[in-house]
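[1] okay, sequence plus prediction incoming.
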Amino acid sequence: MKAKSIGFVGTGAITEAMVRGLLSEPAYPTEVHLSPRNAEIAARLFSEFAAVSVAPDNQTAVDRSDLVVLAIRPQVAEAVIGELTFKPGQSVVSIIAATEREVLLKWIGTDIHLVQAIPLPFVAERQGVTAIYPPDPAVAAMFDALGKAVQCESRKEYDLLAAASALMSTYFGIMEFTTGWLETNGLERTKARAYLAPLFESLARRANGPHAGDFNALSEEFATRGGLNEQVLRDFDADGGKTALTAALDRVFARIEGR
């Protein structure tokens with residue numbers, strides 16, 4: 001069932017991205033109620049969207065909403081949630097990082113319907129992919145409106161996708177390193193960026209296309225036998241690139257699982 005009113009406790013960058021995506025045409029909810037925790041962002045969204053209201057406090061945002069999104073920094077989450085009262089059976093989506101489901105339910109202290117999610121900034125343009133756990137058709141429909149939802153059948157699946165999302169900075173780091181290498185070798189930085197950003201964008205579109213094979217097939221497609229792409233991939237593997245990446249993912253997965 002589609003939520004008519006969505007409330008946000010916490011008004012940071014991801015809240016702003018979600019609200020912008022949800023209220024793009026056609027708008028998903030009828031009403032959005034924001035907590036006043038970040039006055040600047042709340043005021044900006046209120047001025048831009050007629051469906052947005054800014055509640056006087058967090059509790060009012062909860063009371064006015066069919067579905068509540070907890071978008072709080074983990075450092076203050078317990079204190080903020082502990083002051084709130086939820087309606088039995090109310091739908092709650094937590095986007096709080098590195099906080100176990102059982103811990104959240106203990107803090108909430110009411111028999112609510114809790115789904116965890118990992119929305120990314122791209123939801124503002126309705127291009128985001130969001131992992132959710134446990135599977136929930138209504139919450140999945142909301143995130144499908146913001147791009148695409150991936151419903152995880154287990155906590156481990158959810159944690160694995162959270163670990164994979166930690167590659168975002170590395171993705172841009174590779175682009176920055178390559179830009180620096182091109183600049184060192186005599187290419188203007190603006191030209192390097194003008195070339196690399198569309199190149200990587202085109203590769204992502206190819207991977208997400210309707211007729212794309214698996215990633216290994218795509219790698220082989222773009223690696224002509226004896227060619228330059230094949231050479232770089234082999235060097236990357238031989239010099240420990242895959243080993244380093246595997247170790248980094250293992251470590252971040254262990255951190256997410258609290259090991």
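    Yep, that arrived. Computed from a predicted model, the values in this text were never measured in an experiment. Numbering: from 1, shown residues only.
[2] what about the strands in the chain?
    5-9, 31-34, 52-54, 67-70, 91-94, 113-118, 128-133, 147-151 (DSSP state E).
[3] and these as a markdown table, adding mean pLDDT and mean neighbour count?
    The C-beta positions use only the backbone N, C-alpha and C, and glycine is treated the same way. What follows is the strands of the chain, written out as a markdown table (pLDDT from 0 to 100; neighbours: other C-beta atoms under 10 Å):
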| stretch | mean pLDDT | mean neighbour count |
| --- | --- | --- |
| strand 5-9 | 97 | 26 |
| strand 31-34 | 98 | 23 |
| strand 52-54 | 98 | 18 |
| strand 67-70 | 98 | 26 |
| strand 91-94 | 98 | 24 |
| strand 113-118 | 97 | 21 |
| strand 128-133 | 96 | 22 |
| strand 147-151 | 97 | 18 |
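[4] and Ile256, which of these is closest to it?
    When the strands of the chain are compared for distance to Ile256 using C-beta to C-beta, the nearest one is strand 113-118, at 10.5 Å.
[5] same for that closest one, what does it pack against?
    strand 91-94, helix 101-108, strand 128-133, helix 137-145, helix 155-165 (3 or more C-beta pairs under 8 Å, 6 or more residues apart in numbering; DSSP states H and E).
[6] can I get the strands of the chain in CSV including distance to Ala163?
    Below are these laid out as CSV (distance: least, C-beta to C-beta, whole Å):
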stretch, distance to Ala163
strand 5-9, 26
strand 31-34, 31
strand 52-54, 34
strand 67-70, 22
strand 91-94, 18
strand 113-118, 11
strand 128-133, 11
strand 147-151, 14
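[7] ok, back up a step: buried deepest among the helices and strands packed on strand 113-118, which one?
    Among these, strand 91-94 has the highest mean neighbour count (mean count of other C-beta atoms under 10 Å), at a mean of 24.
[8] and it, which strands flank it?
    strand 67-70 (parallel), strand 113-118 (parallel) (DSSP bridges).
[9] next one: the last one to chain centre, how far?
    It stands for strand 113-118. 13 Å (C-alpha atoms, centre = their mean, to the nearest Å).
[10] ok, now stretch 247-259?
    The answer for stretch 247-259 is 18 Å, by C-alpha atoms, centre = their mean.
[11] in CSV, list the strands paired with strand 91-94 along with distance to Met142.
    Converted to CSV, these look like this (distance: least, C-beta to C-beta, whole Å):
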stretch, distance to Met142
strand 67-70, 8
strand 113-118, 9
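[12] nearest to Thr178, of the ones you listed?
    Once the strands paired with strand 91-94 are compared by C-beta to C-beta, strand 113-118 is nearest, at 27.6 Å.
[13] next, the angle strand 147-151 makes with that closest one.
    When axes from the mean of the first three to the mean of the last three C-alpha atoms, to 10 degrees is applied, the directions of strand 113-118 and strand 147-151 differ by 120 degrees.
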